[in-house]
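Chemist: 3D, please:
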Amino acid sequence: MINGRIPQNVIDEILNRADIAEIIGGYIPLKRAGRNFRALCPFHHEKTPSFMVSPERQIYHCFGCNKGGNAINFLMQYEHLEFPEAVEFLARKTGVVLPEIKEEDRRAANLILQLYKINELAASFYADILNSPAGTEALHYLKNRGLKPETIKTFRLGYAPAKWDALTNHLRAKGLNLSLLEKAGLIVSRQGSGGYRDLFHNRIIFPIFDVKSRTLGFGARMLPEKNNNGASPSPKYINSPETPVYIKRNNLYGLNFAKEAIKRLDFAVIVEGYLDFIIPYQEGVENIIASSGTAFTQEQARLIKRYTQNVAIVYDGDSAGEMAALRTLDIFIEEGINVKVAALPQGFDPDSFVRKYGIAVLEEKINQAENLLDYKLKILKNRYGDKGIEGKAMISAEMLATINRFKNAVVKSEYIKKLSQELAVSEDSLLQELKKIKPERPYPQADSSVIKRTPNVNPTEKLLIKLMLEETALINQIRNSLEPADFQDERASKIVSIMFNLIEQNKDAAPVNLLNYFKDDAIQQIICESTLSAEVPSQDKERIITDCIQRLKKERLKNRKHRLHEEIKTAQTMGDEQRLKTLMQEFDGLIKDN
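Modeler: Next up is the predicted model:
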């Protein structure tokens, strides 16, 4: 079973029925290039087409960014689908009937669907209230903030009335269970008195959508004049709690509206709050997204990487905004994303800035965004001062912590050089301090980046894999002479092992099916590039196979002799006579046999 749900034979049948050229050709224009098709890669910007599609092999590969795979992989990467979603899409297209899922999987799936439905009903309820007499005050507030009627409609803004049980009663009248409403995060238990009350009341509602425009949860803003009435102040904004469908760290507000513009412009503008997103978007900045006022996460950075490698942060012009920007910088660096910062004047956020100065001035700010070194250095100089020794030490410590996150040694070197000039300290002293920083990073490393380099594999091993991928008939021939252990590269050994097993079970070892046995991007790259690189001439294959097999056997023998030699030295040092005798006999046997 794959993913605990879909059997491998069903996956194979779907892929065998699918026409990868037809599927990919429905998204991007393909041009015939011999037996294959060629196109500009949809996953990175290029001027010369390096994206190849093989109808014969039913796989694709870009020789520029090294993305590749079968039809399922393409849908996952292009449409940002999960594996089961991509399989289900292809099953419908190819007419393959998927087997029934397990009961526990069915219950979980049903709960998800119910929560989406409940959130949709809640969003409609709040929107209706906003446009009713009960929402007059809230609607007046939004219009005074500069929101146009069509904007309010587009983002489905709403209003939660002052009653504590308005939504509860509305949804209960539709026959919905209160426990489901609680799981959706829309109602909470009343403390002491029992029963439930609405989570949101007397607040403007901002529905939160995923990239497919499904309603995940809600943000809610208190009306300014309703702040306290002598009671302890409530927070200006509150959000839905995390639920099975709303995981905050995995979502960005407005991405469903902005994703196409971000892809088209290859650039994303990041702000914090709901109105910081809505006002600029309304005025024409469509490549904008918001972190919803929460601390930016690595998952959000990876979500952005699906659409672009270039971002500009526009946070509030106060100390809190500066701190948020600095924290976010490090996350983007970890993910290999090019990041700049557009600093707003003190007391302004993107919403208020646009309303006072206009969208053109904000766009100018974004276009003039500072690179991360200049921005962070300016902040630290203001904080510590850069004249005294202690100030320079504090600044360099924080700057080096950021510089150390870069994976590219040239980038590190250039930033060290610039920091040296800015602080008037020697590069050698900065390099010495850099070496003291522990290599552990507070954020996990990214699984991949947009531009992926082909993994280095022993050329002999890679050539044998290519030959087997070109002609499955050769797999048995090579299997009779080699074992997976003869391939020293672990990735190559895994590929060969699966190929040998498939042939032994009389199953199809074609590249399109082979890819489904590996989740490792590096292994998939090896398979795709090996398949779509220039074919080996037929007349040379037998000679090449013989040479490669002999070479691998010699290499394995050499490595085995070296290991035995080291083990023999260890046994001699330890005085282990019995072990030494056994090792010497094995070593002599290797010498005699070869």
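Chemist: Give me the pLDDT value at residue 21.
Modeler: The model reports residue 21 with a pLDDT of 90.
Chemist: swap that for residue 472, please
Modeler: Value for residue 472, per-residue pLDDT: 79.
Chemist: which residues touch it?
Modeler: Residue 472 makes contact with 503, 508, 509, 510 under the criterion C-beta atoms under 8 Å, 6 or more residues apart in numbering. No exception for glycine: its C-beta is placed from N, CA and C like everyone else's.
Chemist: With respect to residue 155, which of these is nearest?
Modeler: Of all those, residue 155 sits closest to residue 510, with 47.4 Å by C-beta to C-beta.
Chemist: Would you agree that closest one is in contact with residue 58?
Modeler: Yes - Residue 510 lies in contact with residue 58 (C-beta atoms under 8 Å); the separation is 7.5 Å.
Chemist: what about this structure, any weak spots by pLDDT?
Modeler: The chain contains residues with pLDDT under 70 at 1-5, 100-109, 191-194, 225-233, 293-294, 317-321, 323-324, 438-455, 587, 589-594.
Chemist: which element is the nearest residue to residue 484 once chain neighbours are set aside on?
Modeler: Sequence neighbours aside, residue 497 is the residue nearest to residue 484 in space, at 4.0 Å (criterion: C-beta to C-beta, 6 or more residues apart in numbering). If you go by DSSP states H and E, residue 497 is part of helix 490-504.
Chemist: Which helix runs longest in this protein?
Modeler: helix 541-574 (DSSP state H).
Chemist: which helices and strands sit right next to it?
Modeler: Contact here means 3 or more C-beta pairs under 8 Å, 6 or more residues apart in numbering; DSSP states H and E; on that basis helix 541-574 packs against helix 459-470, helix 473-479, helix 577-593.
Chemist: okay, the angle between that helix and helix 459-470?
Modeler: 140 degrees (axes from the mean of the first three to the mean of the last three C-alpha atoms, to 10 degrees).
Chemist: Tell me which residues of helix 541-574 come out buried.
Modeler: Across helix 541-574, burial judged by 16 or more other C-beta atoms under 10 Å covers 541, 544, 545, 548, 549, 551, 552, 555, 556, 567, 568, 571.
Chemist: related to what we said a few turns ago, quick one: name whatever helix or strand follows the helix holding residue 497.
Modeler: helix 511-514.
Chemist: what's in contact with that next one?
Modeler: 11-12, 15-16, 20, 57-59, 70-71, 469, 495, 498-499, 502, 507, 527-528, 531.
Chemist: again with stretch 204-213
Modeler: Counting by C-beta under 8 Å, 6+ apart, 80, 119, 123, 126, 130, 138, 141-142, 155-160, 215-223, 239-240, 246, 251, 253, 255-256, 259, 274, 292 sit against stretch 204-213.
Chemist: what are the ranges of the helices in the stretch 1-150 of the chain?
Modeler: 8-17, 20-25, 71-78, 83-94, 103-130, 136-144, 149-154 (DSSP state H, counting those that start in this stretch).
Chemist: just those helices: most buried one?
Modeler: Counting by mean count of other C-beta atoms under 10 Å, helix 71-78 has the highest mean neighbour count of the helices of the stretch 1-150 of the chain, with a mean of 22.
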